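Q: need the 3D shape of this:
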Amino acid sequence: MFTALSDATAHCGTKAANLARLLRAGFAVPDGFVITDPRAPGWERELAPALRALGPGPYAVRSSALGEDGASASYAGQLHTTLGAADPAGVADAVRRCSASADGARAAAYTARTGGPAPRPRVLVQLMVAAEAAGVVFTRHPVTGADETVIEAVAGLGDALVAGAVTPERWIVGAGTRTEPGSGPGGVLTAGRAAELAGTARRIEDLFGGPQDIEWAIADGRIWILQARPVTTAPGTGTDTRPESATRPADPAGRPLVTGTAAGPGIATGPARVITGPDDFDRFTPGGVLVCRTTSPAWTPLLARAAAVVTETGGMLAHAAIVAREFGIPAVLAAEHAMTLIAHGRRVTVDGSRGTVTATDERTDR
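A: This is a model prediction of the structure:
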């Protein structure tokens, strides 16, 4: 029922199997183990000895479900993660929550929208690293498909970045190494460190034979790899079901109401639905443009019904952006003051390839 991470196979889920392959190839991966049947009785008795053998915490408890982290369906952010579990009781509770999340509303909405099989729980427990900086790197540009590496980074742990709760620093590494203006506060990485991350990511791409979506952390000057999975929507690597008309460049009349990060290519028009939190979810109607501060995984049922999404914070590698691209809906993130400048009910056009939101006309649909 417990498998050492270094021995993980496909039976342990793609996340764990890929990390095991990286370990064997010499990449730095935090040690851990996989609970292969977290719904069977008896695993709790084995947990404390397994944690003692692993070493003192804190621990990260993450999903490595069958059906997750695939080439066409990532389930990005849809299954529960706990960071900083301190003891066997805390880890046990986190394992149960992670396993139960496979049957939750957000995973169900994701499964229904993508048409894939429901995830089958496996749970990965790892030692946490004391991250000085963390983030995500894609070895292909997720919006344009360009052959360049995109890095998003924040100071400390990367959970706020993947949740879209902050706007990260962004680096583009292609012919050169550059930051994108306006992408976060800056000062997280140096150009040299960004180039080193890009080189590490490209070696991982070579190992797996295709573009990769990689989570990383830096601790004590070392790059640690926390995840590697296929990029689900880059050209030639996944499924893109948008009609051709939705992917043509837009030339909307008028000045944009807001601009932000182009995070999900395509164009969509619909009534803006400004949603402040879960208490407002019943204000959202199918085909509306979801406008909010950020989208946590709990918002997936809304994303699954949205024509487009606009947020005030976040980056193009956040879970919400990944899910929007998989759902084939335009996404504009880090559009400052979007909830103020876009009136609820106003018809807008979202261009997720250019990062603009433009008023279609003066009519509103309340």
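Q: tell me the contacts of the spatially most central residue of the chain?
A: By CA atoms, centre = their mean, the chain has its centre lying nearest to His319, at 2.4 Å. By CB atoms under 8 Å, 6 or more residues apart in numbering, the contact list for His319 reads 76-77, 162-164, 297. Placement of C-beta: from N, CA and C, glycine included.
Q: same list (these) but as TSV, adding pLDDT.
A: Shown next, in TSV, are the contacts of His319 (pLDDT from 0 to 100):
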residue	pLDDT
Ala76	88
Gly77	86
Val162	93
Ala163	90
Gly164	91
Pro297	77
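Q: sorry, back to before: what about the residue nearest to the centre of the chain, distance to Val95?
A: When CB to CB, to the nearest Å is the yardstick, His319 and Val95 sit 21 Å from each other.
Q: so what's the gap between stretch 133-144 and the chain middle?
A: In terms of CA atoms, centre = their mean, to the nearest Å, the centre of stretch 133-144 is found 10 Å from the chain centre.
Q: go on, stretch 67-78?
A: 10 Å.
Q: equivalent analysis for stretch 203-220, please.
A: Using CA atoms, centre = their mean, the mean C-alpha position of stretch 203-220 is found 15 Å from that of the whole chain.
Q: give the contact list for the closest residue to the residue nearest to the centre of the chain other than its chain neighbours.
A: For His319, ignoring the flanking residues on the chain, the nearest one in space by CB to CB, 6 or more residues apart in numbering is Gly77 at 3.2 Å. Gly77 makes contact with 162-163, 296-297, 300, 319-320, 322-323, according to CB under 8 Å, 6+ apart.
Q: show the buried residues in the contacts of His319.
A: Listed as buried from these are 76-77, 162-164, 297; burial here means 16 or more other CB atoms under 10 Å.
Q: now, which of the contacts of His319 lie within strands?
A: Of the contacts of His319, none are assigned to strands by DSSP state E.
Q: could the residues you listed go into JSON lines alongside distance to Met1?
A: Formatted as JSON lines, the contacts of His319 follow (distance: CB to CB, whole Å):
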{"residue": "Ala76", "distance to Met1": "27"}
{"residue": "Gly77", "distance to Met1": "27"}
{"residue": "Val162", "distance to Met1": "29"}
{"residue": "Ala163", "distance to Met1": "31"}
{"residue": "Gly164", "distance to Met1": "35"}
{"residue": "Pro297", "distance to Met1": "27"}
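Q: for the strand or helix carrying Cys98, which residues meet the burial criterion?
A: Assigned by DSSP states H and E, Cys98 belongs to helix 88-101. Judged by neighbour count (16+ other CB under 10 Å), helix 88-101 contains these buried residues: 88, 90-92, 94-99, 101.
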